[in-house]
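> How does the following fold in three dimensions:
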Amino acid sequence: MSTDEPSPIIVEVVHAQAEGDQPPSRERTRSNNTCPRCSSHYRDDELQAELRVCRTCGYHFVVGALERIAQLADPGTFEEAASGLRSADPLAFVDMIPYPERLAAATAATGLEDAMVVGRAEIDGHRCALATMEFEFVGGSMGSVVGEKFARAVDLALEDSMPLISVASSGGARMQENVLALMQMAKTTCAVDALNEAGIPFISVLSHPSTGGVMASFAALGDVIIAEPGAFMAFAGRRVVQQTTREQLPDDFGLSESNFRFGLVDMIVPRHELRGTLARMLRLFAGGEFVYPVEEPPAPITQSRIARLVRGVRWRPHGPSSTNGASS
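The predicted model follows:
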């Protein structure tokens, strides 16, 4: 009989996981209502009430075209124009899916026919032409329809002799339309020239992101250029510029704060102050006075308030009463 101890049997259990069952990354599971800076989470109604600005850290979420109109225009004053324009597919372009299918998917997701909404509006009673961009529609890219809609917004401003306000949010020219998309840069630039010749003001608001062909055309040509805090605005992204120049870029490359420091942007305005700022500019362009924002007046000082303050004071006698409390 052998006295040797039996060798241990080691059993390894490996749980195989199919490729499609891999747990999604943190970025994929992050909700659209979760702040990417501080991870604060909001309900839809909370975020909408805050104008899609994180009340914890001030991060500005991307705002859609229709919601932007609701934030800026007086209720019931916006009249949409050129709503029937739709992109064709002259190049029969196919990438991952055919271009018409991509447009149909974007329309189903946003309820819009393309990445820009234009029309007449009033801001604090002042008439203007308004053009807002929808980043969720194929990345807010500028194709033939976006270029034509911007030109139609310019036509509205010229017809009614009223300022034009555009709010950019775009990844640049739409590659599915190739050279036709690049032509919109020249088209929109010529439209802005028509405003300049007529002496009609053009206010350009840059939100996150404002890049590529949009930034290289009408978005950078405003008489007044306003940026939202932390918005990225550049012709190309950080990685492309760094690989091309082979230089280390600063941490704030392309951000609105950096562009303001170098003079490309006239002012950086938080979203909660944007409507009031635009209203004051429209009033100024109309020949009125520039009214500075009035701060909330301090609470009135009442006897009860004084009594509460006095009760919180610690009494420390110093010196005889004959000297009115002063030390001898």
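
> which residue packs closest to Ala88, ignoring adjacent ones?
Ser144 (7.5 Å; CB to CB, 6 or more residues apart in numbering). C-beta coordinates here come from the backbone N, C-alpha and C atoms, glycine included.

> number of nearby residues for that neighbour?
Counted by other CB atoms under 10 Å, the residues lying close to Ser144 total 20.

> what's the distance between it and Ala82?
Going from Ser144 to Ala82 by CB to CB, to the nearest Å gives 12 Å.

> Also Pro98?
25 Å.

> out of the two, which sits in the busier spot?
Ala82 (21 against 14).

> Arg275: neighbouring residues, count only.
17.

> Check for me that it belongs to a helix.
Yes. Using DSSP: H, G, I helix; E, B strand; the rest coil, the secondary structure at Arg275 is a helix.

> Tell me if I'm right that it and Gln71 touch.
Yes. When contacts are counted by CB atoms under 8 Å, Arg275 is listed as touching Gln71 (6.6 Å).

> Helices of the protein, start to end?
Here the chain has its helices, by DSSP state H, at 26-29, 44-49, 65-72, 99-110, 144-160, 178-198, 212-215, 238-245, 256-261, 271-285, 303-311.

> Could you dump these into JSON lines and include distance to Phe135 and mean pLDDT?
Putting these into JSON lines (distance: least, CB to CB, whole Å; pLDDT from 0 to 100) gives the following:
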{"stretch": "helix 26-29", "distance to Phe135": "17", "mean pLDDT": "40"}
{"stretch": "helix 44-49", "distance to Phe135": "16", "mean pLDDT": "92"}
{"stretch": "helix 65-72", "distance to Phe135": "9", "mean pLDDT": "96"}
{"stretch": "helix 99-110", "distance to Phe135": "10", "mean pLDDT": "95"}
{"stretch": "helix 144-160", "distance to Phe135": "12", "mean pLDDT": "96"}
{"stretch": "helix 178-198", "distance to Phe135": "16", "mean pLDDT": "95"}
{"stretch": "helix 212-215", "distance to Phe135": "11", "mean pLDDT": "94"}
{"stretch": "helix 238-245", "distance to Phe135": "18", "mean pLDDT": "88"}
{"stretch": "helix 256-261", "distance to Phe135": "16", "mean pLDDT": "94"}
{"stretch": "helix 271-285", "distance to Phe135": "15", "mean pLDDT": "95"}
{"stretch": "helix 303-311", "distance to Phe135": "49", "mean pLDDT": "63"}
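
> Deepest-packed of those helices, please.
helix 212-215 (a mean of 27; mean count of other CB atoms under 10 Å).

> How far off centre is that helix?
Relative to the centre of its chain, helix 212-215 is centred 15 Å away, using CA atoms, centre = their mean, to the nearest Å.

> what does it contact?
133, 140-142, 168, 170-173, 181-182, 184-185, 206, 233-236 (CB atoms under 8 Å, 6 or more residues apart in numbering).

> In strands, which of those residues appear?
Met133, Ala168, Ser170, Leu206, Met233, Ala234 (DSSP state E).

> and the fifth one, how far is that from Pro209?
I take that to be Met233. Taken as CB to CB, the span from Met233 to Pro209 is 7 Å.

> Quick one: end-to-end length of stretch 66-82, please.
15 Å (CA to CA, to the nearest Å).

> go on, stretch 244-262?
21 Å.

> what sits against the residue nearest to Ala88?
Applying CB under 8 Å, 6+ apart, the residues near Ser144 are Ser87, Ala88, Glu177, Leu180, Ala181, Gln184.

> For Phe262, the count of nearby residues, please.
For Phe262, using other CB under 10 Å, the count is 7.

> how far away is it from Val118?
Applying CB to CB to Phe262 and Val118 gives a distance of 30 Å.

> Could you do Gly140 as well?
Gly140 is 14 Å from Val118, by CB to CB.

> ok, and the closest non-adjacent residue to Phe150?
With CB to CB, 6+ apart, the residue lying closest to Phe150 is Thr188, at 5.0 Å.

> Do I have it right that the one you found meets Gly222?
No. At 11.9 Å, Thr188 does not count as touching Gly222 under the criterion of CB under 8 Å.

> Now do the shared contacts for these two.
By CB under 8 Å, 6+ apart, no residue touches both Thr188 and Gly222.

> Thank you kindly, that will do.
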